[in-house]
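Participant: Attaching a predicted model along with its sequence, questions to come.
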Protein chains: 2
Amino acid sequence: MIKIAVDAMGGDHAPEEQVKGAMLAVARIPDIEITLYGDEEAIKRHLTDETRIRIVPTEGVIDMGEKDPIGAIRSNRKSSMAVSLSSVRKEENDAIVSSGATQALIAGAHMLVGRMKGMKRTAIAPVIPTVKGEMILLDAGGNIEIRPEFMVQQAYFASIYAEEILGKKEATVGLINIGTEEGKGRPLDNEAEELFRKDEHIRFYGNVEPKEVLNPPCDVLISDGFTANIVMKTIEGTAQGMGVILREELTRGLLGKLGVLLVYRNLKRFKKRLDPAEIGGAMIYGLRGVVIKAQGSSLSEGFANAIRQAAEIVRQDVVAKVGRIIESGAE
Amino acid sequence: MIKIAVDAMGGDHAPEEQVKGAMLAVARIPDIEITLYGDEEAIKRHLTDETRIRIVPTEGVIDMGEKDPIGAIRSNRKSSMAVSLSSVRKEENDAIVSSGATQALIAGAHMLVGRMKGMKRTAIAPVIPTVKGEMILLDAGGNIEIRPEFMVQQAYFASIYAEEILGKKEATVGLINIGTEEGKGRPLDNEAEELFRKDEHIRFYGNVEPKEVLNPPCDVLISDGFTANIVMKTIEGTAQGMGVILREELTRGLLGKLGVLLVYRNLKRFKKRLDPAEIGGAMIYGLRGVVIKAQGSSLSEGFANAIRQAAEIVRQDVVAKVGRIIESGAE
């Protein structure tokens, strides 16, 4: 049995959608057991089926708009997020899924799960839907401390993840850049490019301009934490803005209104294909355990997808596989 | 009469679309005269109306995929791009519009038009269609040399442009960042933020995350040349990718195919609203003259829009207005 901790109190619709998501996941995935961490009474209000689900009561919630993420974890050691993270370190669970505040989750994972031996920095890596399938974008966590050697370790992680979880064969890594020619970009990009080219564990595609971001020639797109976070948020902003404009234009005029009725299902599928919640959450790379950040706005389906993803990462033993590469290079 | 130089040979569809665009612009804008620079014979093939249009023959074209933009200009002084740029320096023309290679145009503008007195760096500033209207994004030129004081001067330029050309009242400037709180981002961002806050010529909105990029709370979004170029290309890539997925999904099934026929005009309007060519080109800020980069893929309509924009910048005397601010700060 794969044991998964669920932070039931994090997220815009917690605990309802988290609890429902957990029930959905258990019903669909035969080899998992879930522990819900949170307010017992609030959880029980939504928990209609306790098959392979138990509750561990916790006190307090990490606020979503946390300004001081490290402080938030330190002063809320009994919160659902802190206790569920700790359960992974104590090997009571194999993975933890949370829709809580991103920066608090990253900070808490550092403190309470701990970094993998030899791994210099953690990273957060959302999986993005593209025209052709799925792509990993990292480091989307907004780490502003940047060194090319961090990016190399993160690329190891992403390559293994792309192969083991996304089913990519011989996963390739592209460096996000302002031009495709060799030597483009900032000194950081040039140094990273050089390290990528000579690293035997990385299949380096080369520089990739983000005008290919939804139709990328590689499986992983990497940059520093500032740039990749900007790319992720620009994708989100463009998709949202285009959605608004599409809605405004489609519903104009009588023919438009009629046509929209006919393409209603098609538009729903379109929206679904672009919905990151369909894929699951974003894994935090570089920890001693599996920590998945599900979207704050997750509904039960999205949250169940994040649990499925966590289980698969445990099943494929991704963390140990990456660990072997990191340790082999750390001698 | 406003005199506009047109580089007739730059662009994917040159000189045909450039020549047709020039004729369209002259027909629509009564106070302009155009000089077409390029291969006389090739131009004449498309020039069916010479009203207020003349030709200056030039030799050679700057290649679109130019690896060494400075070298390309230096070794092609008789090219349409070089001669048309020089005509602005010589005051034979008030503005120049080119669909040629961006980096070559920036380099050529530096060498042949020259930087404005006191202006530390040039920048390229596309105008982006948003949910609510238009927004200026800069520096999208991919300058990797970055200093916060360059960004301040560029913000002066963008503010004047937003007010005089885009009709924004009391234009506001936002700093592209990974979070909205004060002090977010890299040291560069913090320094820029501080300079923006205390500058009397800039109405600083604060930090803006690019998840608002198509629905921004301000009129100008600014970052360094690397980041803004990445944002611009991510918008482009997301819009393209979403367009492909939308097309795939809408045309599925019989109802879908029928519905698409009904919403055909609506989809065309949707596409048009997102088309940057509808707005014109991107101005290169910080020069002694008006230099407009029209899209490489420009068709006649888009190119005519870029000419209209160039004429309006001359009419509103944008360069002189910015010059007064720059010089007042340069004492």
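Facilitator: It's in.

Participant: What's the first helix or strand after the helix-or-strand element of chain A with minimal mean pLDDT?
Facilitator: Sorted by mean pLDDT, DSSP states H and E, the helices and strands of chain A end with helix A:69-74, the least confident at a mean of 87. Per DSSP states H and E, the first helix or strand lying C-terminal to helix A:69-74 is helix A:80-89.

Participant: Okay, domains of chain A per the record?
Facilitator: A:1-119+A:286-331, A:126-278 (automatic domain parsing).

Participant: What parts of the stretch 51-200 of chain A come near chain B?
Facilitator: For the stretch 51-200 of chain A, the contact set with chain B under CB under 8 Å from any CB of the partner chain comprises A:67, A:130, A:131, A:142, A:144, A:176, A:178, A:179, A:181, A:185, A:186. All C-beta atoms are positioned from the backbone trio N, CA, C, and that covers glycine.

Participant: Just the buried residues of the residues you listed.
Facilitator: A:130, A:131, A:142, A:144, A:176, A:178, A:179, A:185, A:186 (16 or more other CB atoms under 10 Å in any protein chain shown).

Participant: Mind putting the residues you listed into JSON lines with pLDDT and secondary structure?
Facilitator: Output for those, formatted as JSON lines (pLDDT from 0 to 100; DSSP: H, G, I helix; E, B strand; the rest coil):
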{"residue": "A:130", "pLDDT": "95", "secondary structure": "coil"}
{"residue": "A:131", "pLDDT": "94", "secondary structure": "coil"}
{"residue": "A:142", "pLDDT": "80", "secondary structure": "coil"}
{"residue": "A:144", "pLDDT": "83", "secondary structure": "coil"}
{"residue": "A:176", "pLDDT": "98", "secondary structure": "strand"}
{"residue": "A:178", "pLDDT": "95", "secondary structure": "coil"}
{"residue": "A:179", "pLDDT": "92", "secondary structure": "coil"}
{"residue": "A:185", "pLDDT": "93", "secondary structure": "coil"}
{"residue": "A:186", "pLDDT": "93", "secondary structure": "coil"}
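
Participant: Farthest-apart pair in those, please.
Facilitator: A:131 and A:144 (30.9 Å; CB to CB).

Participant: if we can go back for a sec, ok, the residues of the stretch 51-200 of chain A next to chain B vs residue A:9, which is closest?
Facilitator: Distances from residue A:9 to those, taken by CB to CB, are shortest for residue A:67, at 19.0 Å.

Participant: which element is the closest one on?
Facilitator: Going by DSSP H and E, residue A:67 is not in any helix or strand.

Participant: Could you pull up the contacting residues of it?
Facilitator: residue B:181 (CB atoms under 8 Å, 6 or more residues apart in numbering or on different chains).

Participant: Distance of it relative to residue B:9?
Facilitator: Distance of residue A:67 to residue B:9, computed by CB to CB, to the nearest Å: 55 Å.

Participant: can you check residue A:177 too?
Facilitator: Distance from residue A:177 to residue B:9, by CB to CB: 29 Å.

Participant: try residue A:217
Facilitator: Counting by CB to CB - residue A:217 and residue B:9 are separated by 31 Å.

Participant: now do residue A:75
Facilitator: Residue A:75 is 66 Å from residue B:9, by CB to CB.

Participant: The two: who's more crowded?
Facilitator: When residue A:75 and residue B:9 are compared for neighbours, residue B:9 comes out ahead with 26 against 12, by other CB atoms under 10 Å in any protein chain shown.

Participant: quick check, the more buried one in a helix?
Facilitator: No - assignment of residue B:9 by DSSP: H, G, I helix; E, B strand; the rest coil gives coil, placing it outside any helix.

Participant: My guess is it contacts residue B:38. True?
Facilitator: Yes - counting by CB atoms under 8 Å, residue B:9 touches residue B:38, with 4.2 Å between them.

Participant: For these two, list the residues in contact with both.
Facilitator: B:15, B:18, B:58, B:61, B:80.

Participant: Between those residues, which sits nearest residue B:122?
Facilitator: Nearest to residue B:122 out of the shared contacts of residue B:9 and residue B:38 is residue B:80 (CB to CB; 20.8 Å).

Participant: wait, that closest one sits on residue B:7?
Facilitator: Yes - counting by CB under 8 Å, residue B:7 is a contact partner of residue B:80 at 4.8 Å.

Participant: Now do the shared contacts for those two.
Facilitator: B:37, B:38, B:100.

Participant: Put together JSON lines for these, with distance to residue B:227 on each row.
Facilitator: Conversion of these to JSON lines gives the following (distance: CB to CB, whole Å):
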{"residue": "B:37", "distance to residue B:227": "34"}
{"residue": "B:38", "distance to residue B:227": "35"}
{"residue": "B:100", "distance to residue B:227": "25"}
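
Participant: Point out the ones among those residues that are inside helices.
Facilitator: Using DSSP state H, no member of the shared contacts of residue B:80 and residue B:7 falls within helices.

Participant: so which of the residues you listed is the most crowded?
Facilitator: residue B:37 (30 neighbours).

Participant: Low-confidence bits of the stretch 51-200 of chain A, can you list those?
Facilitator: For the stretch 51-200 of chain A, the stretches flagged by pLDDT under 70 are A:65-66.

Participant: Helices of that one, start to end?
Facilitator: A:69-74, A:80-89, A:102-108, A:148-164, A:187-198 (DSSP state H, counting those that start in this stretch).

Participant: Go through the longest one and flag the buried ones.
Facilitator: The one in question is helix A:148-164. A:148, A:150-164.

Participant: for the first one, same thing?
Facilitator: Judged by neighbour count using 16+ other CB under 10 Å, the buried positions of helix A:69-74 are A:69, A:72, A:73.

Participant: ditto for stretch A:321-331
Facilitator: For stretch A:321-331, by 16+ other CB under 10 Å, it's A:322, A:323, A:325, A:326.

Participant: Same question for stretch A:289-303.
Facilitator: Buried residues in stretch A:289-303 (16+ other CB under 10 Å): A:289-296, A:298-300, A:302-303.

Participant: Name all residues that make contact with the residue nearest to residue A:285 when sequence neighbours are not counted.
Facilitator: Nearest residue to residue A:285, sequence neighbours excluded (CB to CB, 6 or more residues apart in numbering or on different chains): residue A:157, at 4.1 Å. By CB under 8 Å, 6+ apart, the residues touching residue A:157 are A:123, A:125, A:285, A:286, A:322.

Participant: Tell me the one of those residues nearest chain B?
Facilitator: residue A:123 (14.1 Å; CB to the nearest CB).

Participant: For chain B, see how far away the residue lying closest to the closest one once chain neighbours are set aside is.
Facilitator: Among residues not flanking residue A:123 along the chain, residue A:139 sits closest, at 3.6 Å (CB to CB, 6+ apart). According to CB to the nearest CB, to the nearest Å, residue A:139 and chain B sit 11 Å apart.
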